[in-house]
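**Q** Please work out how this folds:
(one chain, ligands or ions: 1)
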Amino acid sequence: MIRLPLLTLRPWAMSDIDALARHANDRRIWLNLRDRFPHPYTRADAEGWIRFCEGMSGPPTIFAIDVGGEAVGSIGLELHGDVHRTTAEIGYWLGASHWGRGLATMAVGALTRYAFEELGLERVHAFLFEWNPASRRVLEKAGYTFEGRMRRYVIKDGRVGDVLLYARIRDDAPVPH
Ligand SMILES: CC(C)(COP(=O)(O)OP(=O)(O)OC[C@H]1O[C@@H](n2cnc3c(N)ncnc32)[C@H](O)[C@@H]1OP(=O)(O)O)[C@@H](O)C(=O)NCCC(=O)NCCS
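**A** All right, here's what the predicted structure looks like:
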């Protein structure tokens, strides 16, 4: 559980099914995530996601973004293995009714601090599609550095595009609060 003034990062719970299905069922969100994120996003999808989260072992890595007691988005770290085991990929989405208030930036900043301070990671990175300026801005505001453009690395909704790689390492300047 990570408490910030305007939001809390906390575990997903079965009581979040309706809120999750409502906020996640948005083509604008789906267009910026991997195809494993369903669209349309049904109650059954929401239940499956929460069951998956509840079944995870080890330190918590996936959190609901809770605003005023309602789960309005999700953020998580996907830990890598083998020689990349000190790295995680960060991923996140937020219900559109909450966009533009700095919430994703706060959540990314807090989870990145958690990755370094609690999980002992050395690096957190994010992959974003070239048509996602909002996420690019979120990562820049959270102190991530642009490391490269992977050309034609994605096909989404039939459209081939580039993927941008952003990263923070433990030794970068402290993650802004
Ligand atoms: C990306 C996302 C999480 C941002 O959430 P948010 O809470 O609105 O983000 P913030 O308010 O913290 O910051 C958004 C920034 O992007 C900017 N922005 C938004 N749309 C933009 C656009 N079309 N072009 C340029 N900048 C844009 C905002 O102005 C803001 O920057 P500012 O503070 O300098 O003004 C949200 O839009 C989302 O869920 N998108 C769909 C899923 C997704 O893209 N996930 C990330 C995959 S890598």
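**Q** going forward, measure contacts between C-alpha atoms and count neighbours the same way
**A** OK.
**Q** Can you give the distance of the top helix by length along the chain from its chain's centre?
**A** Counting by DSSP state H, the longest helix found in the chain is helix 103-117. Taking the mean of its C-alpha atoms, helix 103-117 sits 10 Å from the chain's own mean (CA atoms, centre = their mean, to the nearest Å).
**Q** Provide the contact partners of it at residue level.
**A** Helix 103-117 is contacted from outside by 2, 6-7, 9, 65, 75-76, 92-94, 121-124, 138-139, 141-142, 170, 175-177, using CA atoms under 8 Å, 6 or more residues apart in numbering.
**Q** What is the three-state secondary structure of Arg136?
**A** helix (DSSP: H, G, I helix; E, B strand; the rest coil).
**Q** Could you check how far it is from Arg152?
**A** 18 Å (CA to CA, to the nearest Å).
**Q** Between the two, tell me which one has more neighbours.
**A** Shown here are Arg136 and Arg152; by other CA atoms under 10 Å, Arg136 has more neighbours (21 against 13).
**Q** isn't Ile65 right up against Trp93?
**A** No. With contact defined as CA atoms under 8 Å, Ile65 does not count as touching Trp93 (9.0 Å).
**Q** Could you pull out the residues contacting both of those two?
**A** 73-75.
**Q** Now render those residues as TSV, adding secondary structure and distance to Ala44.
**A** Shown next, in TSV, are these (DSSP: H, G, I helix; E, B strand; the rest coil; distance: CA to CA, whole Å):
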residue	secondary structure	distance to Ala44
Gly73	strand	17
Ser74	strand	17
Ile75	strand	20
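**Q** list the buried ones in the strand or helix carrying Trp49?
**A** In the assignment (DSSP states H and E), Trp49 maps to helix 43-54. For helix 43-54, a neighbour-count test (16 or more other CA atoms under 10 Å) marks 43, 45-47, 49-50, 53 as buried.
**Q** Then stretch 162-171?
**A** 162-170.
**Q** Equivalent analysis for stretch 122-141, please.
**A** Result for stretch 122-141 [16+ other CA under 10 Å]: buried residues 122-130, 135-136, 138-139, 141.
**Q** filter those down to the ones near the ligand?
**A** 127-128, 135, 138 (CA under 6 Å from any ligand atom).
**Q** mind checking the end-to-end distance for stretch 63-71?
**A** 9 Å.
**Q** is it up against the ligand anywhere?
**A** No. If you take CA under 6 Å from any ligand atom as the test, stretch 63-71 misses the ligand, and the best it gets is 10.5 Å.
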